[in-house]
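Undergrad: Provided below for reference: sequence and predicted model.
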Amino acid sequence: MNHPNISDIYKTLNILCVEDDKNVLEVYKSLFSLMFKKVYFATNGIEGFECFKKEPVDIILTDYMMPQCNGLEMSKKIRAVDESIPIVMVTALESIEMLRDAIDVHITSFLRKPFTSATLFSTFNLAVKSVIVDRCILREQKEKIIYSDYQESLTFTKEKIITKNDILESEKLFDFRCEVVYNPRDTLSGDSYLIRKISEDEYFVFLVDGMGKGISASVSAMLCSSFVNYYINQQLQKQNSFSLSGLLEELLQFIAPNLLEYEVISANFLYLNKKREELQYAMFSMPPILYISDSNDICKLKSNNTPLAAYSSKFTINSLCISKLSKMLIYSDGLNENSLKKSDKPYASHLKADFTTATNSKELQELYEEKIDTQEDDITYIFMTKI
């Protein structure tokens, strides 16, 4: 970035001139009105301090000897509020005691009376260097933040495009009301999910959690979701029968070379078939799925695979009869690992009971929020209730 020259910086600064001599104030006005963005005037230290508090002042030029409140007393008050604003003090005194006090107050520069315009500008150039540096650094930081926020916003928009939910409007999956809570902690989310309709009797549910935070986790999650979407779309176009094992075989081949050496991904792959009343599942190091049967027994489906990694080559698929299911909760670890209020224990210690009590996702979310202080990670869960 090209830094502006000092005259350009002056035009962005506001100066406060504190002087009890009206003739000197007129000189300041003629000198500074075209040089600075805005010029403020005060005739004593009390007025000067009040102006400093009210207006956006960037640099202060003050006389030392003034009635009611001198320049040094005013500077002490200003330093209690702002430790870094440049203060240039004009004085004819050379008192050692005054200089010591001025040093204690961190007066930036001194101008000895009488002074010339050349001396004044030379002193200003030294005094405002810190302002120039701070402003340039802040501007660069702001530009970087704006650019970073813009890129994150684009990425999040892309995440929402990749996330497919074929029951978004009806929230109905077979005989189940299916609600999704998707609350990324940051703009870039390591969580992603899919609910895809394969046929009238088949649905596929996918939930992925890229380990870690930020861009790397988000990219990994989106890679997985994108591939799963691509695979399902290809099968639908070709009118092929859906195969969970076929999806996993191709995904492993695709994802392995795209992961970092020590990177891992947790994910749930769930294939629901209404005709067979069956749920096929492959869970890769995900929290257990909670479900309740018609007998009101609460059960868990535990992970049957290690996390996805660059070296992954094998997988296990198990099945569950869904005919007697009344409720099910599929979630990423951001839900159960969040710390409780005034406790080191995780929310997992309450999740089972709250899931049993809640009749829908809103009630579960309210129970969850009652027990935690702040959300510590991305939270995604799918709450299914038999209609």
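TA: Now that the structure is in, tell me what you want to look at. Predicted, not measured: the structure shown is a model, and the values here were computed from it.

Undergrad: Would you mind identifying the next helix or strand past the helix or strand harbouring residue 270?
TA: Taking DSSP states H and E as the definition, residue 270 sits inside strand 264-273. Moving toward the C-terminus from strand 264-273, the first helix or strand encountered (DSSP H and E) is strand 278-284.

Undergrad: Check this structure for me, the residue farthest from its geometric middle.
TA: residue 114 (54.4 Å; Cα atoms, centre = their mean).

Undergrad: what's the closest non-adjacent residue to residue 69?
TA: Excluding the flanking residues, the one nearest residue 69 by Cβ to Cβ, 6 or more residues apart in numbering is residue 45, at 3.0 Å. (Each C-beta comes from the backbone N, C-alpha and C, glycine too.)

Undergrad: could you say what helices and strands the strand holding residue 270 packs with?
TA: strand 202-210, helix 214-238, helix 244-255, strand 278-284, strand 308-309 (3 or more Cβ pairs under 8 Å, 6 or more residues apart in numbering; DSSP states H and E).

Undergrad: Save the ones you listed as TSV, and put in distance to residue 337 too.
TA: Shown next, in TSV, are the helices and strands packed on strand 264-273 (distance: least, Cβ to Cβ, whole Å):
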stretch	distance to residue 337
strand 202-210	11
helix 214-238	15
helix 244-255	24
strand 278-284	17
strand 308-309	19
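
Undergrad: Which of those sits closest to residue 383?
TA: Smallest distance to residue 383 across the helices and strands packed on strand 264-273 (Cβ to Cβ): 12.0 Å, for strand 202-210.

Undergrad: Who are the contact partners of residue 254?
TA: residue 227 (Cβ atoms under 8 Å, 6 or more residues apart in numbering).

Undergrad: Recalculate using a threshold of 10 Å.
TA: Applying Cβ atoms under 10 Å, 6 or more residues apart in numbering to residue 254 gives the contacts 223-224, 226-228, 230-231.

Undergrad: And residue 228, by the same measure?
TA: Counted by Cβ under 10 Å, 6+ apart, residue 228 has contacts 162, 164, 192, 194, 196, 204, 206, 208, 247-248, 250-251, 254, 267, 269.

Undergrad: All the strands of the stretch 251-387 of the chain, in order from the start?
TA: 264-273, 278-284, 289-293, 298-301, 308-309, 318-321, 325-331, 379-386 (DSSP state E, counting those that start in this stretch).

Undergrad: Which one of the ones you listed lies nearest to residue 150?
TA: Using Cβ to Cβ, the strands of the stretch 251-387 of the chain put strand 379-386 closest to residue 150, at 24.7 Å.

Undergrad: State the mean pLDDT of that closest one.
TA: For strand 379-386, the mean pLDDT works out to 92.

Undergrad: buried ones in it?
TA: Using 16 or more other Cβ atoms under 10 Å as the test for burial, strand 379-386 gives 379-385.

Undergrad: cool, stretch 332-344 as well?
TA: The neighbour-count check on stretch 332-344 (16+ other Cβ under 10 Å) flags 332-336, 338 as buried.

Undergrad: cool, stretch 15-24 as well?
TA: Buried-residue list, stretch 15-24, by 16+ other Cβ under 10 Å: 15-20.

Undergrad: Looking at the helices and strands packed on strand 264-273, which is nearest to residue 320?
TA: That would be strand 278-284 among these, by Cβ to Cβ, at 4.5 Å.

Undergrad: Quick one: list the elements packing against that closest one.
TA: Counting contacts by 3 or more Cβ pairs under 10 Å, 6 or more residues apart in numbering; DSSP states H and E, strand 278-284 packs against strand 202-210, helix 244-255, strand 264-273, strand 289-293, strand 298-301, strand 318-321, strand 325-331.

Undergrad: returning to that earlier point: for the residue nearest to residue 69, give me phi and psi.
TA: The phi and psi values for residue 45, taken as degrees, to the nearest 10, are phi -60, psi -30.

Undergrad: contacting residues for it?
TA: With Cβ under 10 Å, 6+ apart, residue 45 has these contacts: 18, 20, 62-64, 66-78.

Undergrad: I'd say the residue farthest from the centre of the chain and residue 91 touch.
TA: No. Using Cβ atoms under 10 Å, residue 114 makes no contact with residue 91, being 11.5 Å away.

Undergrad: Would you mind naming the residues that bridge with residue 330?
TA: residue 382 (DSSP bridges).

Undergrad: Okay, domains of this structure per the record?
TA: Each domain of the chain is listed here as a residue range: 6-135, 163-386, per automatic domain parsing.

Undergrad: between those domains, which gets nearest to residue 147?
TA: domain 163-386 (13.4 Å).

Undergrad: returning to what we had before: would you list the strands of the stretch 251-387 of the chain in JSON lines and tack on distance to residue 350?
TA: Listed next are the strands of the stretch 251-387 of the chain as JSON lines, based on distance: least, Cβ to Cβ, whole Å:
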{"stretch": "strand 264-273", "distance to residue 350": "22"}
{"stretch": "strand 278-284", "distance to residue 350": "22"}
{"stretch": "strand 289-293", "distance to residue 350": "12"}
{"stretch": "strand 298-301", "distance to residue 350": "13"}
{"stretch": "strand 308-309", "distance to residue 350": "29"}
{"stretch": "strand 318-321", "distance to residue 350": "25"}
{"stretch": "strand 325-331", "distance to residue 350": "13"}
{"stretch": "strand 379-386", "distance to residue 350": "14"}
